[in-house]
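Novice: okay, structure incoming, though there's no sequence with it:
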């Protein structure tokens, strides 16, 4: 009678595959953040944006939207950076609730995930 051995962590080869995926996403996320920051900087330097008038509300709304997008992107970058730390520590892909491995499909879709789908659904 053979016992099934439960895998408790991803192999170094698998972790390297996820590291490459995350580094690619991190590069794109940083590029997107820089785009938002450049847009905000351009709005601040634009002389027309400094003239108060009827369009002032539109400029303010756009500034707030870009600021919100930049903040959200910074948070996403931090999650990706944290995932790289988990890979380095060889604890990547382990659900922080159940302690079991998160499926590869989920990690490919959301590489910074710290919860399995089951654990995520139980939180709702």
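Specialist: Yep, that arrived. None of the values given here were measured: they were computed from a predicted structure.
Novice: what helix or strand does residue 19 sit in?
Specialist: In this assignment (DSSP states H and E), residue 19 forms part of helix 12-45.
Novice: what comes up buried for the helix or strand following that helix?
Specialist: Downstream of helix 12-45, the next assigned helix or strand under DSSP H and E is helix 56-88. Along helix 56-88, these residues count as buried under the neighbour rule (16 or more other Cβ atoms under 10 Å): 59, 66, 69-70, 73, 76-77, 79-80, 83-84, 86-87. Bear in mind the C-beta positions are built from the backbone N, C-alpha and C, glycine included.
Novice: still on that earlier bit, report the angle between the helix holding residue 19 and helix 56-88.
Specialist: Going by axes from the mean of the first three to the mean of the last three Cα atoms, to 10 degrees, helix 12-45 is angled at 160 degrees with respect to helix 56-88.
Novice: i'd like the first residue to be 897 from this point on
Specialist: Okay, residue one is now 897; in that scheme the one you just asked about reads as helix 908-941.
Novice: which intervals of the chain have sub-threshold pLDDT?
Specialist: Low-confidence segments of the chain (pLDDT under 70): 897-901, 943-954, 1020.
Novice: the helix holding residue 915 packs against which elements?
Specialist: helix 952-984, helix 1000-1005 (3 or more Cβ pairs under 8 Å, 6 or more residues apart in numbering; DSSP states H and E).
Novice: among those helices, which comes closest to residue 1011?
Specialist: helix 1000-1005 (8.9 Å; Cβ to Cβ).
Novice: pretty sure residue 905 contacts residue 983?
Specialist: No: counting by Cβ atoms under 8 Å, residue 983 is not a contact partner of residue 905; they are 10.7 Å apart.
Novice: nearest residue to the middle of this structure?
Specialist: The chain has residue 972 as the residue nearest its centroid, 3.1 Å off, counting by Cα atoms, centre = their mean.
Novice: any idea how far residue 918 is from that residue?
Specialist: Distance, residue 972 to residue 918, by Cβ to Cβ, to the nearest Å: 11 Å.
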